[in-house]
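>>> after the sequence you'll find the predicted model.
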Amino acid sequence: TINTFMLDRNYYLKEFVNRMARMNKGRVFYTTPDKLGEYILVDYVRHKRKRIRES
C-alpha cells in the first residue's frame, strides 16, 4: 500500500498519483499547503472517497 499526500493541483501529477494509488491499492490525500486540515481522501483499499474538514 502506498499512501500519498498531494499538495499540488497539477492535472498530470494528480492523474499519475491517482493511477499509482489505484495500481497499489493505496490512498491519496488531496489538500493544499494552506489548508492541511481539510482534504479529500481517495481510498483504493476500501474503494471509497471522502471529504474531511477540520473541526
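Perfect, thanks for sending it. Small disclaimer: the values here were computed from a predicted structure and weren't measured.
>>> strands of this structure, start to end?
Residue ranges of the strands in the chain, as given by DSSP state E, are 3-6, 27-30, 39-43, 48-52.
>>> can you tell me how far Thr31 is from Leu7?
Noted for Thr31: a distance of 6 Å to Leu7, by C-beta to C-beta, to the nearest Å. Where C-beta positions appear, they are placed from N, C-alpha and C, glycine not excepted.
>>> ignoring the adjacent residues along the chain, who's closest to Met20?
The shortest distance from Met20 to any non-neighbouring residue, by C-beta to C-beta, 6 or more residues apart in numbering, is to Ile2 (6.4 Å).
>>> what sits against that neighbour?
Contacts of Ile2 were listed using C-beta atoms under 8 Å, 6 or more residues apart in numbering, and they are Met20, Ala21, Asn24, Gly26.
>>> could you do Phe29 as well?
Asn3, Thr4, Phe5, Met6, Tyr39, Ile40, Leu41.
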